[in-house]
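Undergrad: Sharing a model that was predicted from the sequence below.
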Amino acid sequence: MKRSQINSIMRSADEFIRRHGFLLPPFAYWTPDQWRTKGPESAEIVRNQLGWDITDFGSGDFDKVGLFLFTVRNGHPENWKTKQGKLYAEKILVVQDQQITPMHFHWSKAEDIINRGGGKLVIQLFNSTPDDRLADTPVEVSTDGVLRTVKAGDVVRLEPGESITLPTRLYHKFWGEGGKVLVGEVSLVNDDKTDNRFYESVGRFPAIEEDESPFHLLYSDYARHYKGA
């Protein structure tokens with residue numbers, strides 16, 4: 001992806017998020033120069049992968065296959081060994097109309113996915129087999145505390161205000177319908193480096209063509225700008 005495209009997506013997503021009454025934390029707006037001045041007091045942001053995250057999953061076509069995310073808060077996988085610190089995470093996502101996030105599950109992370117406003121969020125569901133294929137068995141899920149069963153490969157449509165709980169190893173693929181969707185995610189600790197199992201191989205973190213300076217840093221940029229840890 002080009003940096004200019006990433007910058008444009010950031011600006012558009014920030015405006016959409018604000019329009020729906022959600023505000024990002026102060027560190028979201030630190031400039032690259034400000035990041036270079038930060039010391040160990042900001043290490044949690046870097047260590048726990050907080051911040052801007054934009055991917056086209058290696059598709060080369062973000063509007064068709066891609067996702068905007070911002071990790072607002074997160075613990076670290078090591079916290080589960082000690083049962084200390086944050087054992088949870090929160091993200092805000094922007095899903096465009098018909099923009100696909102490919103089929104995947106999480107090994108360790110259970111999550112609630114919440115439609116915070118805009119269009120409908122459409123989620124396709126499959127159980128996984130022991131060898132991580134798509135099962136043909138019915139899927140039982142909780143939507144806002146109410147159990148429901150759908151056929152393998154069927155979709156659940158979430159209207160604004162509705163949510164679904166996705167347990168570990170439950171395959172899901174999602175997209176917007178009828179407009180752009182603001183999506184909340186509340187989950188156990190998130191680790192995008194090791195906890196995602198995509199059904200088909202994708203590029204989770206895109207290569208970036210630096211055709212202009214970063215507007216704000218992606219969390220994958222921190223290593224090149226933050227020296228305070």
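TA: Looks like it arrived, so ask away.
Undergrad: Quick check: bridge partners of residue 117?
TA: Per DSSP bridges, the residues bridged to residue 117 are residue 182.
Undergrad: mind listing what it touches?
TA: Contact partners of residue 117, counting by CB atoms under 8 Å, 6 or more residues apart in numbering, are 20, 160, 181, 182. Bear in mind the C-beta positions are built from the backbone N, C-alpha and C, glycine included.
Undergrad: Look up how far residue 115 lies from the first one.
TA: For residue 20, the distance to residue 115 under the criterion CB to CB, to the nearest Å works out to 11 Å.
Undergrad: Find residues that contact each of those two.
TA: Residues touching both residue 20 and residue 115 (CB under 8 Å, 6+ apart): residue 182.
Undergrad: Neighbour count: the two, which is higher?
TA: residue 115 (23 against 15; other CB atoms under 10 Å).
Undergrad: can you pull the contacts of that one?
TA: Counted by CB under 8 Å, 6+ apart, residue 115 has contacts 121, 158, 159, 160, 161, 162, 163, 181, 182, 183.
Undergrad: Residue 119 too?
TA: 97, 176, 177, 178, 179, 180, 181.
Undergrad: from those, which single one is nearest residue 132?
TA: Relative to residue 132, the closest of the contacts of residue 119 is residue 176; by CB to CB it sits at 27.0 Å.
Undergrad: Touching, that closest one and residue 101? I think so.
TA: No - counting by CB atoms under 8 Å, residue 176 stays clear of residue 101, with 10.0 Å between them.
Undergrad: Please identify every residue contacting each of the two.
TA: residue 95.
Undergrad: hey, which helix or strand in the protein has the poorest pLDDT?
TA: The weakest-scoring helix or strand in the chain, judged by mean pLDDT, DSSP states H and E, is helix 79-82 (a mean of 88).
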